[in-house]
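A.B. asks: can you look at this prediction? I've put the sequence above it.
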Amino acid sequence: MPVTLGTTASVPSSAVVSATVELAHADPDVALSGLQVREFDLVVDEVFAGQPLVRSTAVEQAVLHRDPLRLALPPAGADPTGVERVSDLAGADWVMEPAGSAAREWSERICHAAGFGPNVRFESPDMLVHERLVRGGHAVAFLPDLFWVDTVPTVRLRELPEDGYRDIICSVRAGTSDNPSMKATSKALHAACAVAENTITANLAAQPRSGPT
């Protein structure tokens, strides 16, 4: 019997699927509710730095992968120039996930820690939209490394402070983690994340290098 896996839109399917599973996308809260009523057997979602992990005693959770997030800037030659840190972008236009989402809370917290409230000109839950807006010089953003599992970056990327990451979480119903199907799927997901990490490292190393900004 295939395992039914629920995943959030911001976790790329290509980064987590390396086994025979039935894959469905859902909002995090909907996915976890579906897990408890047996709509899903396993859920893959995200928890950002500084946010709580445990959400229900009816669910067992484990970290699959720690995914760094980076400041994404337009390609060399586009505005803004002279930028190395988040604090340099108080006057920039930003693209972020919709208000109320975990990603938006984290993004705004990073900006506030840098001393400003971000000017969010664009909102979208789709990281592809974020990358295209940055690449076109229309906005700056925070992009996760998992975004680069299938492509070499053409935008400029800058590392963030120590809380610049999200954890990719695997959730199963309490008491089912020792089920052979669950163990096999979990093992495959961990292996897929390891492969993805190696691919991302190669893609990041292959990105065009710009001179000092």
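C.D. replies: Thanks, I have the structure now.
A.B. asks: and Ala72, what element?
C.D. replies: strand 59-73 (DSSP states H and E).
A.B. asks: helix or strand right after that strand?
C.D. replies: strand 93-96.
A.B. asks: show me what that next one is packed against.
C.D. replies: Other elements packing on strand 93-96 under the criterion 3 or more CB pairs under 8 Å, 6 or more residues apart in numbering; DSSP states H and E are helix 102-113, strand 119-123, helix 127-135, strand 141-144. Heads up, the C-betas are built off the backbone N, CA and C, glycines and all.
A.B. asks: given the strand holding Ala72, what are its sheet partners and their directions?
C.D. replies: As defined by DSSP bridges, the strand partners of strand 59-73 come to strand 141-144 (antiparallel), strand 156-159 (antiparallel), strand 165-173 (antiparallel).
A.B. asks: what residues does the longest one touch?
C.D. replies: The set of residues external to strand 165-173 that reach it, using CB atoms under 8 Å, 6 or more residues apart in numbering, is 11, 16, 32, 35-36, 38, 41-49, 53, 55, 58-69, 103, 106, 144, 146, 182, 186, 189, 193.
A.B. asks: in this structure Asp88 contacts Cys111, no?
C.D. replies: No. Asp88 is beyond contact range of Cys111, at 11.5 Å (criterion: CB atoms under 8 Å).
A.B. asks: about what we covered before: turn the strands paired with strand 59-73 into CSV, including mean pLDDT and mean neighbour count.
C.D. replies: As requested, the strands paired with strand 59-73 are exported to CSV (pLDDT from 0 to 100; neighbours: other CB atoms under 10 Å):
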stretch, mean pLDDT, mean neighbour count
strand 141-144, 97, 24
strand 156-159, 94, 17
strand 165-173, 88, 22
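A.B. asks: and the ones you listed as JSON lines, adding distance to Ser124?
C.D. replies: Compiled in JSON lines, the strands paired with strand 59-73 are given as follows (distance: least, CB to CB, whole Å):
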{"stretch": "strand 141-144", "distance to Ser124": "10"}
{"stretch": "strand 156-159", "distance to Ser124": "19"}
{"stretch": "strand 165-173", "distance to Ser124": "17"}
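A.B. asks: tell me which of these approaches Asp150 most closely.
C.D. replies: strand 141-144 (12.9 Å; CB to CB).
A.B. asks: pull the residues that contact the closest one.
C.D. replies: With CB under 8 Å, 6+ apart as the test, strand 141-144 has contacts from 10, 67-72, 94-96, 107, 110, 127, 130-131, 133-134, 155, 157, 160, 164, 166.
A.B. asks: enumerate the positions of the strand holding Ala72 that are buried.
C.D. replies: 59-61, 64-65, 67-73 (16 or more other CB atoms under 10 Å).
A.B. asks: hmm, back to that, which of Asp88 and Cys111 has more neighbours?
C.D. replies: It is Cys111, of Asp88 and Cys111, that has more neighbours when counted by other CB atoms under 10 Å, with 22 against 18.
A.B. asks: contact partners for the residue nearest to the more buried one when sequence neighbours are not counted?
C.D. replies: Nearest non-adjacent residue to Cys111, counting by CB to CB, 6 or more residues apart in numbering: Pro118, 4.3 Å away. By CB under 8 Å, 6+ apart, the contact set of Pro118 is 89, 92, 94, 96, 107-108, 111.
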